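> No sequence on hand, only this structure:
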Ligand code: BES
Ligand code: MN
Ligand code: ZN
C-alpha cells in the first residue's frame, strides 16, 4: 500500500472535494441522516442524502456504502463511511471503526487509488489521525502466508491511498506519514517474526534478522555465541538453553542517532523461541502458542527497524537474550542452583519460569551502557493475562520520582497509540515470596501475584539505572480463529522513543 498526503487549500475546501480526480473518494456520514462537510460538497444532486434516507447506510460507526456515478463529482466512486452520532469532532473509536470499514471496502474494489478526507477527531491532532489510518490499512492487508503453498493472491484492491489534509497541516502531516509508515513496517516485522514457526524462527534466525536491520539502517551489532556468553558468566541465561541443541544467542543492536556522549535508552527483549516449560513441562493444549514467547524480542527488533527508518535523533540500544526452553537429559532440573552474571545465585524451583532467568543476565549486561533508561519487554507470566486480560500490557517500575516519570511517559505513549499499558505495583512485601533456603533467591514466588513477583525478581538486577518492565503476555498475540501476532507493543515503544527524541 502506497500512502501519500494530498493538501487541500483551506479557501477552496467547500468546493475542492467534488473536483478531486480519483477512482474512489471516501466521505463520512453521520447517524440521523446527517452529512459531513465533505459529503455535503459531493452531494450536488442529492444522491447521498437519498442513500441515507432510504436506509442503505445507517451512518453508525463502521457502516459503509459504495456509490458509483455520483453527479457532478470527478471521482469514479464515492465510498460513504459511518462516523457515528453527529458532532463537530468524531470520537477516537468511531474514527477507528470508520477507517477499518474503509480499508475493508477498498481491499475488494477493482480500483487502483483512493482519497481519504480526514474528519477532526476529539482531542487528537492530524498526526494521530494519520497514524491510526496507516496502521488500520496496513493491518487489514497483513498476511502470513510464506509457508502456504497456495498464496492469497488477490489482484484487486486499492494500492494507493492519498490522505487529504488542510494545506496548513501539510508539514506536520508529511512527518507524521513517514513516521507512521516506519511504525507499520516495524509492526509487520514483529508480526512476521512472531508468526513464524519455532523450527524456523530460532535464536540464530533472530540474530540474522537483527544483522539485516543493522546493515539496512547503519547500526552497530554484536552477536555473542555460547562461548562468549559463558565468558561473560551469564550462568542464569545459559541454564535455560541446557536442554536444547539449538544454539543460544545474545544480540546487541546500537542505533546512534543522538550525540555520541548521550546516554542511550536500552530496550531488552525476551527471546524464548519456544517455551515448552523445560522439565517443568507445560500441558499440551495450546503449547504451539509458546512460539510467541519471543514476542518481547520481536517487538524490540521491530521497534529498532522503525527507529532506523525514522533516523530518530536518539541513541537506542537493543539487547536480546534468545534461546529455546526444552526438556532433555541435559536440561536444568527443578532444584538446580545457578549463578547469574551479577553474582546473585538463583534456585530454579520451576524451569518454566525461564524468562526472568534469561532477562536478569541481559539486565546486568545493560549496566555497561550507563543507560538513560532501560525498558524490558517480555511475555513473562500467565498471571499477567489473568490480571489485565488482553487489553493492557502490565507496566512495572520502582515507585520513586524518576520511575514515576518513566512510567508516565510509557503510559502516555501507549494511550497515544491505542497500545495501552496499566501500571502494577512493585513492593518490598512481595519480595518475601522469592526467598530460598539455599540460594540468594528462588525463581518463582508462588501462585499469588505471579506477575508482580516476576517483576520483583527482575528488579533485583536493575539497581544501577532507571528501569521499567512491560509484561506483554496478554497483548503480544491473539489465540483462536484470529491466531496471530498483534505487533504490540511496537506502537507504544516507538512513540515513547519519538517523544523522547523531541
Ligand atoms: N512464557 C510463559 C508465560 C506465558 C504463559 C505467557 C502463557 C503467555 C501465556 C512463561 O515463561 C511462564 O511459563 N511463566 C510461568 C511462570 C510460573 C512457572 C511461575 C507461568 O506464567 O505460568
Ligand atoms: Mn515458561
Ligand atoms: Zn516463557
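Good, I have the coordinates. Here the structure is a predicted model, which is why all the values come from computation and not from measurement. Residues are numbered from 1 along each chain as shown. Ligands and ions are numbered 1, 2, ... in the order given.
> Who are the contact partners of the closest residue to ligand 3 within the stretch 251-400 of the chain?
Using C-beta to the ion, the single residue of the stretch 251-400 of the chain nearest to ligand 3 is residue 275, 3.7 Å away. In this view, the C-beta of every residue, glycine as well, is placed from N, C-alpha and C. Neighbouring residues of residue 275 by C-beta atoms under 8 Å, 6 or more residues apart in numbering: 282, 290, 293, 324-325, 352, 354-355.
> cutoff 7 Å now
When contacts are counted by C-beta atoms under 7 Å, 6 or more residues apart in numbering, residue 275 touches 290, 293, 325, 354.
> Which pLDDT does the model give the first one?
If I follow you right, that is residue 290. pLDDT for residue 290: 98.
> Also the third one?
If you check residue 325, the pLDDT there is 99.
> What separation do you get for it and residue 165?
Distance of residue 325 to residue 165, given as C-beta to C-beta, to the nearest Å: 49 Å.
> Have a look at these two and say which one is more surrounded.
Looking at residue 325 and residue 165 with other C-beta atoms under 10 Å, you find the greater number of neighbours at residue 325, namely 29 against 23.
> Can you give me the distance of the residue of the stretch 301-450 of the chain found nearest ligand 1 to residue 289?
Residue nearest to ligand 1 within the stretch 301-450 of the chain: residue 382 (3.3 Å; C-beta to the nearest ligand atom). Distance, residue 382 to residue 289, by C-beta to C-beta: 11 Å.
> Same check on residue 94?
As for residue 94, its distance to residue 289 is 33 Å (criterion: C-beta to C-beta).
> all helices of the stretch 201-350 of the chain, in order?
Remark: helices assigned in the stretch 201-350 of the chain by DSSP state H, counting those that start in this stretch are 203-217, 226-231, 235-240, 295-310.
> Let me have these in TSV, adding mean pLDDT as columns.
Output for the helices of the stretch 201-350 of the chain, formatted as TSV (pLDDT from 0 to 100):
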stretch	mean pLDDT
helix 203-217	98
helix 226-231	98
helix 235-240	99
helix 295-310	99
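> residues contacting the closest residue to residue 318 other than its chain neighbours?
In space, and not counting its chain neighbours, residue 318 is closest to residue 253: 4.1 Å by C-beta to C-beta, 6 or more residues apart in numbering. Counting by C-beta under 7 Å, 6+ apart, residue 253 touches 210, 213-214, 219, 221, 304, 317-318.
> so what's residue 253 bridging to?
Beta bridges link residue 253 to residue 221, residue 318, judged by DSSP bridges.
> The top helix by length along the chain to helix 295-310, inter-axis angle?
In the chain, taking DSSP state H as the definition, the longest helix is helix 170-195. Interaxial angle of helix 170-195 relative to helix 295-310 (axes from the mean of the first three to the mean of the last three C-alpha atoms, to 10 degrees): 150 degrees.
> In helix 170-195, which residues are buried?
Using 16 or more other C-beta atoms under 10 Å as the test for burial, helix 170-195 gives 173, 176-195.
> now swap in stretch 62-71 and tell me
Residues of stretch 62-71 classed as buried: 62-67, 70 (neighbour count, 16+ other C-beta under 10 Å).
> gap between the two ends of stretch 85-97?
End-to-end span of stretch 85-97 (C-alpha to C-alpha, to the nearest Å): 13 Å.
> Identify the residues contacting that stretch?
Contacts of stretch 85-97 (C-beta under 7 Å, 6+ apart): 30-32, 34, 61-62, 83-84, 119-122, 124, 129, 132, 136.
> Kindly recompute the last result at 6 Å.
Contact partners of stretch 85-97, identified using C-beta atoms under 6 Å, 6 or more residues apart in numbering, comprise 30-31, 34, 61-62, 83-84, 119-122.
> Quick one: buried ones out of the residues you listed?
30-31, 34, 61-62, 83-84, 119-121.
> what about whatever helix or strand residue 40 lives in, distance to the chain center?
Using DSSP states H and E, residue 40 maps to helix 37-42. Mean-position distance between helix 37-42 and its chain equals 36 Å (C-alpha atoms, centre = their mean, to the nearest Å).
> other SSEs contacting it?
On a contact count with 3 or more C-beta pairs under 6 Å, 6 or more residues apart in numbering; DSSP states H and E, helix 37-42 meets strand 25-29.
> Mind doing that once more with 10 Å?
helix 13-16, strand 25-29, helix 47-54, strand 77-82, strand 113-117 (3 or more C-beta pairs under 10 Å, 6 or more residues apart in numbering; DSSP states H and E).
> Can you pull the residues of this structure lying near ligand 2?
Within the chain, the positions near ligand 2 by C-beta under 5 Å from the ion are 275, 352, 354.
> Number of residues surrounding residue 154?
Residue 154: 10 neighbours (other C-beta under 10 Å).
> nope, residue 308 is what I meant
Around residue 308 there are 22 residues (other C-beta under 10 Å).
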